[in-house]
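Trainee: generate coordinates for the sequence data below:
(one chain, ligands or ions: 1)
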Amino acid sequence: MCGYYGEQLVLLAARLGLDSCWVAMSYAKVKNAYTISKGEKLCCVISLGYGKTHGTPHKSKSIEEVAVIKEDTPEWFINGVKAALLAPTAMNQQKFGFMLDGDKVLAKAGKGILSDMDLGIVKYHFEIGSGKEIFGDKIKI
Ligand SMILES: Cc1cc2nc3c(=O)[nH]c(=O)nc-3n(C[C@H](O)[C@H](O)[C@H](O)COP(=O)(O)O)c2cc1C
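Mentor: Model (predicted):
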């Protein structure tokens, strides 16, 4: 849920010309910088600002390494996977997998640190790339 909705903020920031970075570990806890209310939990921080550069493309797995592709796999599915591979993941681990079962998209997190949060992020990218809204209603707030 954090990944899916957080990435919407990240991509909105990008559209506004801002640079960003998801940060789960390497940040200093600054007292009084934020309030965590009862029932809330700080899962991750997203830093926003004007970077010295806009970054460089990350090293990426291939489409076949993260998805089951067959001869009749539709273009929209491949486009979804391509967009998912552009998504940020913790330590660039890209531990996720996509599969098409009939017309149903199955997305799974692999074993890895923060791979569940990564899965939310890549699901949102998949939706943009494929042009299909398939996960939002299944990721409950
Ligand atoms: C859930 C999550 C947690 C992350 N935590 C950290 C972090 O603690 N420190 C850091 O320097 N980068 C962190 N990152 C940034 C990733 O290392 C980075 O997104 C990845 O290497 C891909 O690079 P890119 O975002 O430039 O494409 C995190 C990214 C994600 C998605």
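Trainee: what helix or strand is residue 97 on?
Mentor: Taking DSSP states H and E as the definition, residue 97 sits inside strand 96-101.
Trainee: other SSEs contacting that strand?
Mentor: helix 63-66, helix 75-85, strand 104-109, helix 115-130 (3 or more C-beta pairs under 8 Å, 6 or more residues apart in numbering; DSSP states H and E). From N, CA and C alone the C-beta is placed, and that goes for glycine too.
Trainee: does the ligand sit close to the longest one?
Mentor: Yep, that's helix 115-130 we're talking about. Yes: if you take C-beta under 6 Å from any ligand atom as the test, helix 115-130 does meet the ligand, through 117-118, 121.
Trainee: now the most centrally placed residue in the chain. Nearest residue, chain neighbours left out?
Mentor: Closest residue to the average C-alpha location of the chain: residue 121 at 1.8 Å, with C-alpha atoms, centre = their mean. Nearest non-adjacent residue to residue 121, counting by C-beta to C-beta, 6 or more residues apart in numbering: residue 3, 4.0 Å away.
Trainee: picking that back up, what about the strand holding residue 97, distance to the chain center?
Mentor: Offset of strand 96-101 from its chain centre (C-alpha atoms, centre = their mean, to the nearest Å): 15 Å.
Trainee: ditto for stretch 102-111
Mentor: For stretch 102-111, the distance to the chain centre is 14 Å (C-alpha atoms, centre = their mean).
Trainee: next: stretch 110-124.
Mentor: Using C-alpha atoms, centre = their mean, the offset of stretch 110-124 from its chain centre is 7 Å.
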